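>>> requesting a structural model of the entry that follows:
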Amino acid sequence: MNGWTAEIRRALLAAGTFKDEISFTTINVQPNNGGTNFTMSETANVQSSRLTAMQRVLGVSNLLLAENIPFIANQPQYTFNGLGKLRPALTKEAAANARLRAQAALGKNVQLGKPISITVGAVSVDRPGSINYGSGDYDTSSIPKAVSAVVYATYSTG
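So this is what the prediction gives:
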């Protein structure tokens, strides 16, 4: 197992992964056939913000299999880590949109007053064009992201 781990690390580094972007889990041992045989497995993780460089890493599994190194690659996961910076602007935009919708629902004869309460609900990170907006979902299958927030607003009328 250690030899395969070394070969996997070598292949990932050769494909452009930095040493500190690679991690391995502890070896997992599972009994087979009533405990007479065992299966050992270990998970290699590559975590990087260098998307372009990681495109070559996606082909490593084929190279390893060609060298008879057992390796199963999972789909890559793309996460968005800028939500903390985006949340205030997103919330402000959603609150402004809620005010416009509330005024439209009341019509021209009733004037919308000051907000009584504004609560931010679910924030979703989805594929562009997704129908899950505001569901609290988090899409990791695509690089482009659409971020949405649900805002519940109560206003006085005057």
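
>>> number of nearby residues for residue 63?
14 (other CB atoms under 10 Å). C-beta coordinates here come from the backbone N, C-alpha and C atoms, glycine included.

>>> which of the residues in the helix or strand containing it are buried?
With secondary structure defined by DSSP states H and E, residue 63 is part of helix 60-66. With burial defined by 16 or more other CB atoms under 10 Å, the residues of helix 60-66 counted as buried are 60, 61, 64.

>>> got it, and stretch 49-57?
Neighbour-count burial for stretch 49-57 flags 54, 57 (criterion: 16+ other CB under 10 Å).

>>> likewise stretch 150-158?
150, 151, 153, 155.

>>> let's check: the centremost residue of this structure is which one?
Nearest residue to the geometric centre of the chain (CA atoms, centre = their mean): residue 79, 3.1 Å.

>>> and the pLDDT for residue 131?
Model confidence at residue 131, expressed as pLDDT, equals 68.

>>> err, residue 10, not the other one
Taken from the predicted model, the pLDDT recorded for residue 10 is 91.

>>> just the CA atoms of the host helix or strand of it, as PDB, please.
Following DSSP H and E, one finds residue 10 within helix 2-14. These are the backbone C-alpha positions of helix 2-14, laid out as PDB (Å, rounded to 0.1, in the frame of the first residue of the first chain):
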ATOM      1  CA  ASN A   2       2.800   2.400   0.900                       C
ATOM      2  CA  GLY A   3       4.400   1.900  -2.600                       C
ATOM      3  CA  TRP A   4       1.100   2.800  -4.300                       C
ATOM      4  CA  THR A   5       0.700   5.800  -2.100                       C
ATOM      5  CA  ALA A   6       4.200   7.000  -3.100                       C
ATOM      6  CA  GLU A   7       3.300   6.400  -6.800                       C
ATOM      7  CA  ILE A   8       0.100   8.300  -6.500                       C
ATOM      8  CA  ARG A   9       1.800  11.200  -4.800                       C
ATOM      9  CA  ARG A  10       4.500  11.200  -7.500                       C
ATOM     10  CA  ALA A  11       1.900  11.300 -10.300                       C
ATOM     11  CA  LEU A  12       0.000  14.100  -8.600                       C
ATOM     12  CA  LEU A  13       3.100  16.200  -8.200                       C
ATOM     13  CA  ALA A  14       4.100  15.500 -11.800                       C
END
